[in-house]
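> predicted model and sequence follow; I will ask about them next.
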Amino acid sequence: MSSAPASANLLKRQLKEMQNNKDIPGISCGLHKDNIYDWEVMLMVSDDVKYYGGGFFKARLIFPKEYPLMPPEMKFESPIWHPNIYPEGKVCISILHPPEEDKYGYESAAERWLPVHTPETILVSVLSMLSSPNDESPANLDAAKMWRENLPEFKKKVRKCVRDSLEDAY
């Protein structure tokens, strides 16, 4: 009998599935320091994605031992300017919030983490979030304000992030 927690076995299977799945272009995953609970992720954003197209963004998914009952944390290591990404890189989207009622009443429990989510659904949601920011509940207030009030300047700042991500990727 294996002494590894069930979450480790599930993550091993999900990592292997993601590495073998050619249906999701632009996502590459591997382990950070051989730790099944710490994934390195590369998002190669397709050119047709608004604003961030062409970028190569490095991120990490850190899974709790309670996974899949509790969500992982996702953090961009590449600098990225986005209303739903904190300045230090942590991603703020509903499906990564713990499965409980929102104390602020903004999200329903159904919008938050559910054990049916997988690393794949998280990363697909993050790719979608890049082109469709939610500026009503921002993690980066300055980016949200710029998104609403000065879209040309927002686009210029994002283009710099994309250029910088390309330099960091090589």
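That came through, no problem.
> and the residue nearest the centre of the chain, helix, strand or coil?
In the chain, the C-alpha nearest the mean C-alpha coordinate belongs to Val126, at 4.5 Å (CA atoms, centre = their mean). Following DSSP: H, G, I helix; E, B strand; the rest coil, Val126 is assigned to helix.
> how much space separates the nearest residue to it once chain neighbours are set aside from Asp47?
With CB to CB, 6 or more residues apart in numbering as the criterion, Val126 has its nearest non-adjacent residue at 6.0 Å, and that residue is Val91. From N, CA and C alone the C-beta is placed, and that goes for glycine too. Note on Val91: its distance to Asp47, by CB to CB, to the nearest Å, is 22 Å.
> specify which residue of these two has the higher count of neighbours.
Neighbour comparison, Val91 and Asp47: the larger count goes to Val91, with 23 against 7 (by other CB atoms under 10 Å).
> I'd say the more buried one and Ile85 touch.
Yes. Counting by CB atoms under 8 Å, Val91 touches Ile85, with 5.6 Å between them.
> which residues do those two both contact?
Residues touching both Val91 and Ile85 (CB atoms under 8 Å, 6 or more residues apart in numbering): Phe76, Ala139.
> low-confidence regions, this protein specifically.
1-4, 101-109, 169-170 (pLDDT under 70).
> residues contacting Asn84?
Val91, Cys92, Ile93, Met129, Pro133, Asn134, Ser137, Pro138, Ala139, Asn140.
> let's have those in JSON lines, adding distance to Lys155 and secondary structure.
Below are the contacts of Asn84 laid out as JSON lines (distance: CB to CB, whole Å; DSSP: H, G, I helix; E, B strand; the rest coil):
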{"residue": "Val91", "distance to Lys155": "21", "secondary structure": "strand"}
{"residue": "Cys92", "distance to Lys155": "21", "secondary structure": "coil"}
{"residue": "Ile93", "distance to Lys155": "21", "secondary structure": "coil"}
{"residue": "Met129", "distance to Lys155": "17", "secondary structure": "helix"}
{"residue": "Pro133", "distance to Lys155": "12", "secondary structure": "coil"}
{"residue": "Asn134", "distance to Lys155": "18", "secondary structure": "coil"}
{"residue": "Ser137", "distance to Lys155": "22", "secondary structure": "coil"}
{"residue": "Pro138", "distance to Lys155": "17", "secondary structure": "coil"}
{"residue": "Ala139", "distance to Lys155": "19", "secondary structure": "coil"}
{"residue": "Asn140", "distance to Lys155": "16", "secondary structure": "coil"}
